[in-house]
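In: no FASTA, just this:
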């Protein structure tokens, strides 16, 4: 597995020194993995994959770590190819909430809600975008 520094060197080569923006992160995730990207909790709870109530807020979902005033995306990984050693029969998922500054588009923090497979290699890449 690559270190944070090794991943960041790849990101600098691809995006330049100012690599850690939300747009670059989404581009990177979509080119390396198979995420679904949601821009609101309302979109996210409509996915049949989850058994969460339709009126759950981002505050509740993240145990108040992220609030409704923050800009965020939710990256849902539920494709077995995004997990180490997973097979098509596995029902693993990770939902990662990523907040960013609206003016600079820089990643501020992220919250992982891990399902059955805590071997999602995309988490390392997301961590590399977070300084």
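Out: Great, that's in hand. If you're wondering where the values come from, they're calculated on a predicted model, not measured in any experiment.
In: you'd agree residue 58 is up against residue 71?
Out: No: counting by C-beta atoms under 8 Å, residue 58 stays clear of residue 71, with 10.9 Å between them. All C-beta spots, glycine's among them, are computed from the backbone N, C-alpha and C.
In: Compare neighbour counts for these two and give me the winner.
Out: Per other C-beta atoms under 10 Å, whichever of residue 58 and residue 71 has more neighbours is residue 58, with 22 against 15.
In: And the more buried one, what's its pLDDT?
Out: Taken from the predicted model, the pLDDT recorded for residue 58 is 92.
In: where in this protein is pLDDT low?
Out: By pLDDT under 70, the weakly predicted segments of the chain are 48-51, 53-54, 114-119.
In: which residues of it fall in strands?
Out: Assignment of strands within the chain using DSSP state E yields the ranges 36-38, 71-77, 94-100, 107-114.
In: can you list the ones you listed in a markdown table and add distance to residue 88?
Out: Below are these laid out as a markdown table (distance: least, C-beta to C-beta, whole Å):
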| stretch | distance to residue 88 |
| --- | --- |
| strand 36-38 | 18 |
| strand 71-77 | 15 |
| strand 94-100 | 17 |
| strand 107-114 | 20 |
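In: Which of these sits closest to residue 6?
Out: Residue 6 lies closest, by C-beta to C-beta, to one member of these: strand 107-114, at 18.2 Å.
In: before we move on, the earlier item: nearest to residue 19, out of the strands of the chain?
Out: Between residue 19 and these, the tightest spacing by C-beta to C-beta is seen for strand 107-114, at 10.2 Å.
In: How many residues are close by residue 121?
Out: 14.
In: whoops, I mixed them up, residue 11
Out: Residue 11: 19 neighbours (other C-beta under 10 Å).
In: Give me the nearest residue to it, chain neighbours excluded.
Out: In space, and not counting its chain neighbours, residue 11 is closest to residue 19: 4.2 Å by C-beta to C-beta, 6 or more residues apart in numbering.
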